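>>> Okay, sequence plus prediction incoming.
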Amino acid sequence: MTDMEARHSVPDRTQGGEAAIIVEHLTKRFGDRVAFNDVSFEVGAGEVFGFLGPNGAGKTTTVRTLVTLIAPSTGTATVAGIPLLPENGSAIRSRISLMPESPGLYLRLTVTENLQCFAGLYGLDDVPGRIGRALRAVNLEDRARDLCGSLSKGLRQRVALARALLNDPAVLFLDEPTSGLDPVAIREVHDLIESLRKRGVTIFLTTHRLEEAERLCDRVAILNTTLRMIGRPDELRARLFRRSLDVRLRAPLGDPRTLFGAVSDVEQWEQTSSGYVLTVANPDRAAPVLARALVGAGADILSLGESHHSLEDVYLELIDEDVEAKSR
Ligand SMILES: Nc1ncnc2c1ncn2[C@@H]1O[C@H](COP(=O)(O)OP(=O)(O)OP(=O)(O)O)[C@@H](O)[C@H]1O
Ligand SMILES: [Mg+2]
């Protein structure tokens, strides 16, 4: 059976809001070394899912496992609606694609020749039509006859993305797709990811770039051998950090302890170089009460608003600390 036949013979269970990827208690060991341990998560169909973690966290090994390049040690998974089992390898591969960290192109072949070569390896039909659509998707039609060796790193990355699109994947795995690219090339890859999302492709994106995850991803998982946390970027921030208000005044308060003590919502406060940071249960309720108290005490308010932590703060907190202990 060819990959295309396998593709048509499997019912599409990723439609209708079902999960595109289900991972349950998955572990991969290389001898004594544990690459990732007891990892469980789900990715919804059409979701852009960010997979973050420091070097050696097990991100690439997780991707390699899910794209059927290596077998898990224990645990189960479903990828594009198909159980991750040795006998389903070709059926899974026909519905997914991987863009690995290095583009892996033949530099002495042209863009089109590279794509023809890979389309042949994948056993795809309608090769010219697929190559045309893939090149259009990454806006590379004008460079189709250029040797890959003559292209910039950013353009090679786009050829690699075109290659990953040849089989019209339901689930696309992107392993560090923007590493080493300049800001313009990064923006182009981001725009491509956005356009794939609009077409309903599920995207599994490993990245070190936190602002990339924050900008593109519906949900983010943070891995450091074990899965540390998973959720929407704003949920992760809210779960990890207490909410707080930043207050900047023209001059320090004479008696901050008494003033803040009189505002019932304020749980803790500390003085910073530019003002005060107040930990509060409910910033929307506390801010107006606090503003009145400050004005009543004769303070000149320069600014008063909720502090916003970036995903980078969340990430560093999770990587630096024992999160399981912290969340208790
Ligand atoms: N084939 C292999 N044999 C032995 N150990 C391996 C193999 N592949 C990966 N590892 C180990 O598994 C761990 C996870 O590696 P992995 O490449 O998945 O990390 P990563 O999160 O992708 O890191 P990076 O951010 O650097 O890409 C590392 O300790 C690595 O040395
Ligand atoms: Mg990696």
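Happy to help now that I have it. Numbering: from 1, shown residues only. Ligands and ions are numbered 1, 2, ... in the order given.

>>> so how far is Asp175 from Pro233?
Distance, Pro233 to Asp175, using Cβ to Cβ, to the nearest Å: 20 Å. Just so you know, the C-beta spots here come from the backbone N, C-alpha and C atoms, and that holds for glycine as well.

>>> So which bits of stretch 143-156 are buried?
Buried positions in stretch 143-156, judged by neighbour count with 16 or more other Cβ atoms under 10 Å: 143-144, 147-148, 151, 154-156.

>>> Can you add secondary structure, pLDDT and distance to ligand 2 and give the residues you listed back as TSV?
As requested, the buried residues of stretch 143-156 are exported to TSV (DSSP: H, G, I helix; E, B strand; the rest coil; pLDDT from 0 to 100; distance: Cβ to the ion, whole Å):
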residue	secondary structure	pLDDT	distance to ligand 2
Arg143	helix	95	28
Ala144	coil	96	30
Leu147	strand	97	28
Cys148	helix	96	23
Leu151	coil	94	23
Gly154	helix	89	20
Leu155	helix	91	22
Arg156	helix	92	18
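
>>> Including distance to Leu69, could the residues you listed go into CSV?
Formatted as CSV, these follow (distance: Cβ to Cβ, whole Å):
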residue, distance to Leu69
Arg143, 29
Ala144, 29
Leu147, 28
Cys148, 23
Leu151, 26
Gly154, 26
Leu155, 26
Arg156, 21
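
>>> which one among the residues you listed gets closest to ligand 1?
For the buried residues of stretch 143-156, the minimum distance to ligand 1 (Cβ to the nearest ligand atom) is 18.7 Å, reached by Arg156.

>>> does that closest one really touch Leu105, like I thought?
Yes: in this structure, Arg156 is within contact of Leu105 by Cβ atoms under 8 Å, at 6.1 Å.

>>> Now for the two: what residues contact both?
Counting by Cβ atoms under 8 Å, 6 or more residues apart in numbering, the common neighbours of Arg156 and Leu105 are Cys148.

>>> How many residues are close by His190?
When neighbours are counted by other Cβ atoms under 10 Å, His190 registers 16.

>>> Tell me who's in contact with it.
178, 212, 215-216 are the contacts of His190 under Cβ under 8 Å, 6+ apart.

>>> Now do the helices in the stretch 51-200 of the chain.
59-66, 89-95, 111-122, 127-137, 153-165, 183-198 (DSSP state H, counting those that start in this stretch).

>>> And those helices: which comes nearest ligand 1?
Among the helices of the stretch 51-200 of the chain, helix 59-66 comes nearest to ligand 1, with 3.2 Å by Cβ to the nearest ligand atom.

>>> So which elements touch that closest one?
strand 19-30, strand 33-44, strand 48-52, strand 74-79, strand 171-175, strand 202-207 (3 or more Cβ pairs under 8 Å, 6 or more residues apart in numbering; DSSP states H and E).

>>> burial of the residue of the stretch 201-328 of the chain found nearest ligand 2, as a residue count?
When scored by Cβ to the ion, the stretch 201-328 of the chain has Thr206 as its residue closest to ligand 2, at 6.3 Å. By the criterion of other Cβ under 10 Å, Thr206 has 24 neighbours.

>>> before we move on, what about Asn55?
Neighbourhood size, Asn55 [other Cβ under 10 Å]: 6.

>>> how far away is it from ligand 2?
Taking Cβ to the ion, to the nearest Å as the measure, Asn55 falls 8 Å from ligand 2.

>>> That's all I had, so thanks and see you.
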